[in-house]
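Enquirer: Coordinates only, no sequence provided:
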């Protein structure tokens, strides 16, 4: 009954593979950044977050929609990393929000890993349907 399953186009299959690999890489990078953000008393998180904020803000000015979307994601991740770095300083007003942001970075990383695994699964399934 393989003739009933519509096969994916080459472009769609390629985009699934690229999305899968990119999402897996992004999820792993976020997990690494989350673990490094608390190093040296949170200074590393502040620096990495500030760099991500700057890159995201500059990407928001781009003409391409994909660049603006990526810039918005980088901007959000930078803000969360700055807050994760601040969580090590135990500032009463910011400490609760900073702890929440550290959890959100981890949740975002798990979401990206799941999305990437799903796209890789669909990519491999599409390759098998073509053979």
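Expert: Happy to help now that I have it. Because the structure is predicted, anything quoted here is derived from the model rather than measured.

Enquirer: If we go by neighbour counts, what in the helix or strand hosting residue 79 is buried?
Expert: In this structure, residue 79 is located in helix 65-86 according to DSSP states H and E. Going by neighbour count (16 or more other C-beta atoms under 10 Å), the buried part of helix 65-86 is 70-71, 73-78, 80-86. For glycine as for every other residue, the C-beta is placed from the backbone atoms N, C-alpha and C.

Enquirer: the bottom helix or strand of the protein by mean pLDDT?
Expert: Within the chain, no helix or strand scores below helix 65-86, which has a mean of 80 by mean pLDDT, DSSP states H and E.

Enquirer: Give me the contact list for it.
Expert: With C-beta atoms under 8 Å, 6 or more residues apart in numbering as the test, helix 65-86 has contacts from 30, 33-34, 37-38, 42-60, 62, 94, 97-98, 101-102, 104-105, 108.

Enquirer: Apply the buried test to these and list what passes.
Expert: In the contacts of helix 65-86, the ones that pass as buried (16+ other C-beta under 10 Å) are 30, 33-34, 37-38, 42, 44-46, 48-49, 52-53, 55-56, 59, 98, 101-102, 104-105, 108.

Enquirer: who touches the closest residue in space to residue 17 that isn't next to it in sequence in this structure?
Expert: Excluding its sequence neighbours, the residue lying closest to residue 17 (C-beta to C-beta, 6 or more residues apart in numbering) is residue 123, at 4.3 Å. Residues counted as contacts of residue 123 (C-beta under 8 Å, 6+ apart) are 13, 16, 17, 20.

Enquirer: Quickly find the element holding residue 123.
Expert: Element membership of residue 123, judged by DSSP H and E, is helix 92-130.

Enquirer: average pLDDT across that helix?
Expert: Averaged over helix 92-130, pLDDT sits at 85.

Enquirer: Kindly report the same for stretch 57-64.
Expert: 83.

Enquirer: How about stretch 9-29?
Expert: pLDDT averaged over stretch 9-29 gives 86.

Enquirer: before we move on, the earlier item: among the contacts of helix 65-86, which are in strands?
Expert: Using DSSP state E, the subset of these located in strands is empty.
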